[in-house]
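A.B. asks: with the input below, show me the fold.
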Amino acid sequence: MKKILPIILLLVFSLLVSCSNKNEDTQVYKFNVFKEYKLSMIMAGDALIHNGVYSDAHLGNNKYEFKPMFEEIKPFVQEYDLAFYNQETIIGGKELGLSTYPRFNSPEEIGDALVDAGFNIVSLANNHTLDRGEKAILNSWDYWQKKKVVIAGSYPSQEERDKIRVYEKNNIRYTLLAYTTSTNGLKTPNGKEYLVNVYSDEIVKEDIEKVRDKVDVVMVSMHWGIEYTHTPTEEQKRIANYLASLGVDIIIGHHPHVIQPIEFIGDTLVIYSLGNFISAQIGLPRLIGMMVSLNIVKKVDNDQITIKIEDVKGDLIYTYYDNFKNFKVIPFSKLNNNLLKNYEKIKEEYIAIINNYDKTISVGIFK
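C.D. replies: As a prediction, this is how the structure comes out:
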């Protein structure tokens, strides 16, 4: 009882002091909360699987193995949180029969190989999406549902097309939207426009407004431009400025099959064309592609959130083959004159293309 009494007296005294000060101003202490998050990303262009590529991968018995074609870049790709490419030729199911230009259909194993290499974001919207019709698109959708990847641009229903898809990694929320400006004259069946996202200002505006306030980063994959030119068209530039005005953070361009420059429009990164990732096309410019890496940095300072695209780098890759055999995607840093004559001079020429609009874009992903 003697020990309890002082404690009771102390509590009573504290209560009295508290009551006596209840009308006095209370000092509020605020603590600054600053956090920084980072998400690394790498991007490649068109996986254009001509019969030369899939014939080289053929093992017999309707089985294919593409993984050796990407073994030189796989260690680099796997260092990144996010890795994007455009699946130019639809993975429509072998029961439809594999096919090459002008209407492609590719084996499932090409998707398997690229996922194995570390790619986890895939655009399905391009001028070849409709090549083999609705059945191929439905098969493609079923195939990609079995993979732990983000896909965009082609859907089996209006319901799936209209879903707002938000993903999160490293406390950064992002979304991917994908569009094509051409379908090679092919049309979707009436009422089934969801099979491929064909670009229009109105559609893209509506899509972005649905998701802009739900994510930190909006990425838009654009299949646009004119083939085999290193210079973006005026329409590409117009669309890029329009997307920037809508708050898009990263525009990932492809379709020309050759590389085009990189620039910032305000805070929006615009990659006009990554060129080919892998193909059996003929002619050096079509065999040189670009990969671009960057960091998405999210800074939280109390209630203020800022997003920056930082450390943007480009680098060159080369699709090597010998008489349509032994296809391999090789970083320029691993080339020699036996694989590509005068490769060092060629690299300097292509760096100038990358930097044509913005000379601050550095080159050197692959060491």
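
A.B. asks: could you pull out the helices in this structure for me?
C.D. replies: Ranges of helices in the chain, per DSSP state H, are 4-20, 51-57, 74-77, 108-116, 133-145, 158-162, 201-211, 234-245, 284-287, 343-354.

A.B. asks: contacts for the fourth one next, please.
C.D. replies: Read it as helix 108-116. 47, 49, 54, 57, 63-67, 69-70, 74, 85, 87, 89, 91, 93-94, 122, 143-144, 147-149 (C-beta atoms under 8 Å, 6 or more residues apart in numbering). Every C-beta, even on glycine, is put in place using the N, C-alpha and C of the backbone.

A.B. asks: could you do stretch 54-69 as well?
C.D. replies: Contacts of stretch 54-69 (C-beta under 8 Å, 6+ apart): 53, 94, 98, 100, 106-107, 109-110, 112-114, 116-117, 278, 321, 324-329.

A.B. asks: the residue lying closest to residue 351 once chain neighbours are set aside bridge partners, please.
C.D. replies: Closest residue to residue 351 apart from its sequence neighbours, by C-beta to C-beta, 6 or more residues apart in numbering: residue 363 at 5.1 Å. Residues in a beta bridge with residue 363, per DSSP bridges, are residue 314.

A.B. asks: please tell me how far residue 363 sits from residue 334.
C.D. replies: According to C-beta to C-beta, to the nearest Å, residue 363 and residue 334 sit 15 Å apart.

A.B. asks: neighbour count: the two, which is higher?
C.D. replies: residue 363 (17 against 13; other C-beta atoms under 10 Å).

A.B. asks: for that one, give its distance to residue 99.
C.D. replies: Taking C-beta to C-beta, one finds residue 363 at 37 Å from residue 99.

A.B. asks: could you do residue 114 as well?
C.D. replies: Relative to residue 99, and taking C-beta to C-beta, residue 114 is found at 19 Å.

A.B. asks: more crowded one of these two?
C.D. replies: residue 114 (27 against 20).

A.B. asks: wait, doesn't residue 318 sit right on residue 287?
C.D. replies: Yes. At 6.0 Å, residue 318 counts as touching residue 287 under the criterion of C-beta atoms under 8 Å.

A.B. asks: so in terms of bridging, what pairs with the residue nearest the centre of the chain?
C.D. replies: In the chain, the residue lying closest to the centroid (C-alpha atoms, centre = their mean) is residue 84, at 3.5 Å. Judged by DSSP bridges, the bridge partners of residue 84 are residue 43, residue 121.

A.B. asks: that older thread, the contacts of helix 108-116, buried ones only, as a ChimeraX selection?
C.D. replies: Restricted to buried positions by 16 or more other C-beta atoms under 10 Å, the ChimeraX selection for the contacts of helix 108-116 reads:
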select :47,49,54,57,64,66,67,69,70,74,85,87,89,91,93,94,122,143,144,149
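
A.B. asks: out of the contacts of helix 108-116, list just those in strands.
C.D. replies: If you go by DSSP state E, those have 47, 63-64, 85, 122 in strands.

A.B. asks: and those residues as CSV, adding pLDDT?
C.D. replies: Shown next, in CSV, are those (pLDDT from 0 to 100):
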residue, pLDDT
47, 98
63, 97
64, 98
85, 98
122, 98
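
A.B. asks: ok, so of those, who is nearest residue 252?
C.D. replies: Proximity of these to residue 252 (C-beta to C-beta) peaks at residue 85, which lies at 9.5 Å.

A.B. asks: show me what contacts the closest one?
C.D. replies: For residue 85, the contact set (C-beta under 8 Å, 6+ apart) comprises 43-47, 114, 119, 121-123, 277.

A.B. asks: got a markdown table for the ones in strands among the contacts of helix 108-116, with distance to residue 162 too?
C.D. replies: Formatted as a markdown table, the ones in strands among the contacts of helix 108-116 follow (distance: C-beta to C-beta, whole Å):
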| residue | distance to residue 162 |
| --- | --- |
| 47 | 27 |
| 63 | 38 |
| 64 | 35 |
| 85 | 25 |
| 122 | 20 |
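
A.B. asks: just the closest of the residues you listed to residue 173, please.
C.D. replies: Distances from residue 173 to the ones in strands among the contacts of helix 108-116, taken by C-beta to C-beta, are shortest for residue 122, at 19.1 Å.

A.B. asks: roughly how far does the closest one sit from residue 65?
C.D. replies: 20 Å.

A.B. asks: ok, now residue 209?
C.D. replies: 44 Å.

A.B. asks: likewise residue 312?
C.D. replies: 34 Å.

A.B. asks: check residue 48 too.
C.D. replies: Taken as C-beta to C-beta, the span from residue 48 to residue 65 is 18 Å.

A.B. asks: before we move on, what about residue 198?
C.D. replies: 35 Å.

A.B. asks: repeat that for residue 203.
C.D. replies: Taking C-beta to C-beta, one finds residue 203 at 39 Å from residue 65.

A.B. asks: understood, closing this out.
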